[in-house]
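S.K.: attaching a predicted model along with its sequence, questions to come.
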Amino acid sequence: MFVKHSFRNLLRSWAKSVLFFLLLAALGVTLCIGVSLTASIVGFLRECDENYATIAVFEYIGANYPDETRYDPDIAKCIADFDFDALAENPAVLNWDKNDVALGYVAGKTADSADPPFKDNLVAVIYILSYNETWGAYQYSVIEDLVNPDAKASTGYLNTVLLDLQAAHLYLIHGSYGLKTVSMGDSPNIRISPFLVSSAERAGVYTDIQDMILDVDVGHGNYEVPADSVLNRIAETYKIVNAGVTVHAVNDLDSYLPFHQSDITIIKGRTISAEEYATGAKVCVLPERFAELAGAGIGDGICLSLAVQEGAAQRESYWAGTGFQYEEMYTVVGIFSPNDDYRDVIYIPKCADTDLSANQYSYTIGQARLKNDLAEQFYVDMQAVLPQRVRMTVHDLSRRI
């Protein structure tokens, strides 16, 4: 009876009934769209967490920032004052990667780096042609360049007010190239200069300007360079450092800033694996141009040496008389895309047996990978504990890993 009366009521007010059913249908569609949209948003957020990274980079903004050619002792003081525990234990931090960097050298590499640190220095055997009274300088000719053996022969003028040199005589000198001058015929001028490298001084090597020129003439146009001469070791130091690379030891290469921002990408092979990080495996990732010069492909081994020197800039962390602190064979597992800013950079996993912590010359202190949804709170938390002159830059979800 109830169903019968209900049916009759529907027929009597059919317009209202249709409107009611349309309303129910609209509500059902809206509910379905809402559920679907919620699922899509949740999925998108999950994809963001899984496929994107938020990175906080910490830098010390020193007086000479970003010039790292001169050692800044305040970097070491800043690192000593930095509360790394407070950073690493922050709930927003997924991974803390302290900056571990070293001057490296790959055995057999002879080509200079893109910007060789000692490109304006030379150690060479020169022949004194004559003395020019007008310019107060000796005209010279390079007989042998110990730093660049393949360099073309050159002539120019040598300024020295400290020593009297003999014409038609051979000398081994340490010097630096100066500006060319019109008055001297636009010739490459050199001057005897002191040798100032921190790692050599720490090894007990002290030289005066007089030590930077050596008479090697043995008569009849011949010369002999003493094997134990400090100038030999200076030349070897320059050759190694000029051909050197910058090595970064990391524990999360995929999130490392140049990769995170897609400045460079893996184009051959693969990145470093979780197991290789855990074991400190001797593997490396190289730039493409370097791999071509070294003739190294995926699976090949390279002999990589690392310099560690407290209280020195990277360019002064190696001295031939002492040698490198670490030397190991590394297997190439990845090659990354060409980029002039990273053409002399190699990445390796951090390893407990390879301690680079004494190298404190980089203004970059380290970087933290953050939980995406806690990045803002992390920024607030860190402002209270950061040492003076430390800048934190957050790079958010703008790049896919």
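M.R.: On my side now, so go ahead. On a predicted model such as this, the values are computed, not experimentally measured, just so you know. Numbering: from 1, shown residues only.

S.K.: you'd agree residue 166 is in a strand?
M.R.: No: when classified by DSSP: H, G, I helix; E, B strand; the rest coil, residue 166 is found to be coil rather than part of a strand.

S.K.: who's in contact with it?
M.R.: residue 128 (C-beta atoms under 8 Å, 6 or more residues apart in numbering). Every residue, glycine included, has its C-beta placed from N, CA and C.

S.K.: residue 218 and residue 125, how far apart?
M.R.: Residue 218 is 12 Å from residue 125, where distance means C-beta to C-beta, to the nearest Å.

S.K.: swap in residue 84?
M.R.: Distance from residue 84 to residue 125, by C-beta to C-beta: 51 Å.

S.K.: and what of residue 378?
M.R.: The value you get for residue 378 to residue 125, if C-beta to C-beta is used, is 59 Å.

S.K.: likewise for residue 283?
M.R.: Counting by C-beta to C-beta, the gap from residue 283 to residue 125 is 43 Å.

S.K.: same thing with residue 92?
M.R.: Residue 92 is 61 Å from residue 125, by C-beta to C-beta.

S.K.: now the residue lying closest to residue 118 once chain neighbours are set aside, what's its secondary structure?
M.R.: Nearest residue to residue 118, sequence neighbours excluded (C-beta to C-beta, 6 or more residues apart in numbering): residue 238, at 4.5 Å. At residue 238, secondary structure determined by three-state DSSP is helix.

S.K.: surely residue 238 touches residue 123?
M.R.: Yes: counting by C-beta atoms under 8 Å, residue 238 touches residue 123, with 6.8 Å between them.

S.K.: more neighbours: those two, which one.
M.R.: residue 123 (27 against 24; other C-beta atoms under 10 Å).

S.K.: so, low pLDDT: which residues of the stretch 1-150 of the chain?
M.R.: 1-26, 28-29, 32, 34-51 (pLDDT under 70).

S.K.: quick one, helices of it?
M.R.: For the stretch 1-150 of the chain, the helices defined by DSSP state H, counting those that start in this stretch occupy 2-12, 14-51, 73-81, 84-88.

S.K.: with the stretch 301-401 of the chain instead?
M.R.: Under DSSP H, counting those that start in this stretch, the stretch 301-401 of the chain gives helices at 375-383.

S.K.: for it, what spans make up the strands?
M.R.: For the stretch 301-401 of the chain, the strands defined by DSSP state E, counting those that start in this stretch cover 301-307, 326-336, 345-349, 364-370, 390-395.

S.K.: I'd guessed residue 63 sits against residue 73; true?
M.R.: No: counting by C-beta under 8 Å, residue 73 is not a contact partner of residue 63; they are 11.0 Å apart.

S.K.: quick one: the strands in the stretch 151-300 of the chain?
M.R.: Using DSSP E, counting those that start in this stretch, strands in the stretch 151-300 of the chain cover 155-159, 169-177, 190-192, 213-215, 217-219, 222-223, 245-250, 266-269, 283-287.

S.K.: what's the closest of those strands to residue 111?
M.R.: strand 245-250 (11.0 Å; C-beta to C-beta).

S.K.: export that closest one as PDB, just CAs?
M.R.: The C-alpha coordinates for strand 245-250 follow below in PDB (Å, rounded to 0.1, in the frame of the first residue of the first chain):
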ATOM      1  CA  VAL A 245      90.700  17.800 -11.200                       C
ATOM      2  CA  THR A 246      88.300  18.700  -8.400                       C
ATOM      3  CA  VAL A 247      87.000  15.500  -6.600                       C
ATOM      4  CA  HIS A 248      83.800  15.600  -4.600                       C
ATOM      5  CA  ALA A 249      83.000  12.800  -2.200                       C
ATOM      6  CA  VAL A 250      79.200  12.600  -1.900                       C
END
